[in-house]
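*Asks:* following is a predicted model, sequence given first.
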Amino acid sequence: MANTFVVSRAQLVYALCLPLAVVLGYLLADPMDLGTIAIVAAVLGLLSVPIFIRWYHPILILGWNAALQPYFLPGQPSLWMLLAVAGIIFALLNRFVNPDARFIHVPSLAKPLLFLLVVVIATSCLRGGIGLRMLGSSTYGSKSYFWLITAIAGFFAMSSQRIPKERAALFVGIYFLIGLTALIPNLAWLGGGSTQFLFYLFAPAFAGDQFMHGEVTRFGGLTVASPALECALLARYGIRGLFDWQRPWRMVLFVMAAFGALFCGYRNVLIFFTVIFLVQFYFERLYTARILITAASVTLILGVLIVPNVDKLPMVAQRTLSFLPIPVSPTAKLMGEQSTDWRLEVWKDALPEIPAYLFLGKGYGMDPVELAFAFQNSTHHISTTESMLVAGTLHNGPLSVIIPLGIWGVIGFGWFVAASLRYLYRAYRYGNPELRCINMALLSFFLAKLVLFLGVFGALADELYLFTGLIGLSVALNGAESPVPVEVESTQTEELAYSERLVTE
């Protein structure tokens, strides 16, 4: 009889793992080498495949608004971009191997996003292709194409699975509260050299003003953390629940979020924070005479106490309030006026470019020589806005759509916004009553973000993922849109049940 050679499972594992460990240990002797980073990332990615197959959807929601930006990866992509690509790959993989793993079918949202995707790809091809500097291309700025493409892919990955009703509050809370990680770069700077390593993982741009040591140090992390905490509270409790005097900790957290919006140093953040609250106030139908009189009285008292002493506030808070007709310090007022004038000058210089790029957008690619000359002219005060126009940094939502993508981008984005508002409103108005508070907060956030994008500050390439992520989360919560909404029998009964639920919580 021939001898039988038997290899146990443990021996096979050791035979594979030990050589791999030796190779990785050798490579890690030079950890910052690009080859080492690529091999280690590939090994970790391969080992993570079983986890992503099972948990890609919760991981996507967990990391969508995180401030993680791995500095050591080529191109320094944000975490949400990596998760969007991985999410859509594993969602398609699940669909191929499991016929029951179907995407949630919402054609009213999928069609405008696919149209916008075609516009982005067509524009990139007609404007010289998608060139990446990290791959040796001589073109700058093409990373914006990938931001848009991954934002659209993220919607389909986010809406590929339903979120169980009993876990809705948990998932929505995670989705918003992960935005608090934007504070980590600010804290890392305050921690000194012992915490500087955190900048390899978390976006250092949030601590940019701390690096610059300017006259007014603004805290970029609060621009994300404050609205994130506000939306998490509104989605969980609503405004009625926040003013539950038996649970004062809710109001304490909301006041902390409001102070964060005040002391961040950015005017648009305070406007965004306020608009979210006002829209939620409207949808909760709190505009009764008693509540309005109470709110007006409290506002008047706070104004009498604060306005005469506003010049005694920290300069960063005065910088935030400088757009209001109140007596802030001349320095803060001047800084606000200079910022506004500069933005208006950029918009004024950008408007004549619209006819040239109306039917074929400018795209996002930039000639490095042209960009260098533009920066040189800005340095010598020949044109303070030329470099911004060349780089496409227009600080205006509508201009950031029509100039890079032309009228077709306007159609695609406008179509998507209209379809999203329709879906969010129907989910709030006719959706599951148990998700009413959540749907109300999602609608309030989307509307407030749209108001800010259109009227105050916006950049399509940087912010499209906020819109697609939010509507993707709503689809995962509410499912396919019902063709015929079921009318609520009695508005008064609905409002009474909603109030009772908040009180019992």
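*Replies:* Now that the structure is in, tell me what you want to look at.
*Asks:* so what's the residue count around Tyr237?
*Replies:* 21 (other CB atoms under 10 Å). All C-beta spots, glycine's among them, are computed from the backbone N, C-alpha and C.
*Asks:* could you say which helix or strand holds it?
*Replies:* Using DSSP states H and E, Tyr237 sits in helix 221-242.
*Asks:* quick check, distance from the helix or strand just after that helix to the centre of its chain.
*Replies:* Downstream of helix 221-242, the next assigned helix or strand under DSSP H and E is helix 248-263. When distances are taken as CA atoms, centre = their mean, to the nearest Å, helix 248-263 is centred 21 Å away from the chain's centroid.
*Asks:* on that earlier part again, what mean pLDDT does the helix holding Tyr237 get?
*Replies:* Averaging pLDDT along helix 221-242 yields 93.
*Asks:* helices and strands around it, which ones?
*Replies:* Counting contacts by 3 or more CB pairs under 8 Å, 6 or more residues apart in numbering; DSSP states H and E, helix 221-242 packs against helix 168-177, helix 183-190, helix 248-263, helix 267-283, helix 436-455, helix 491-504.
*Asks:* off-centre distance for that helix?
*Replies:* Using CA atoms, centre = their mean, the offset of helix 221-242 from its chain centre is 15 Å.
*Asks:* and what of stretch 52-71?
*Replies:* Stretch 52-71 sits 13 Å away from the centroid of its parent chain (CA atoms, centre = their mean).
*Asks:* can you list the buried residues in that stretch?
*Replies:* Neighbour counts over stretch 52-71 (16 or more other CB atoms under 10 Å) mark 52, 56-57, 59-70 as buried.
*Asks:* which parts of the helix holding Tyr237 are buried?
*Replies:* Across helix 221-242, burial judged by 16+ other CB under 10 Å covers 221-242.
*Asks:* report the contact partners of the residue nearest to Ile407 when sequence neighbours are not counted.
*Replies:* Among residues not flanking Ile407 along the chain, Leu358 sits closest, at 5.4 Å (CB to CB, 6 or more residues apart in numbering). By CB atoms under 8 Å, 6 or more residues apart in numbering, the contact set of Leu358 is 402, 406-407.
*Asks:* I'd like the distance between Leu358 and Ile402.
*Replies:* Leu358 sits at a distance of 7 Å from Ile402 (criterion: CB to CB, to the nearest Å).
*Asks:* can you check Arg319 too?
*Replies:* 31 Å.
*Asks:* which regions of the stretch 51-200 of the chain sit below the pLDDT cut-off?
*Replies:* 129, 131-141 (pLDDT under 70).
*Asks:* how far away is Leu117 from Asn396?
*Replies:* 23 Å.
*Asks:* more neighbours: which of these two?
*Replies:* Applying other CB under 10 Å to Leu117 and Asn396 shows that Asn396 carries more neighbours, namely 23 against 16.
*Asks:* for the nearest residue to the more buried one once chain neighbours are set aside, pull up the helix or strand it's in.
*Replies:* Nearest non-adjacent residue to Asn396, counting by CB to CB, 6+ apart: Trp347, 5.5 Å away. When elements are assigned from DSSP H and E, Trp347 belongs to helix 330-350.
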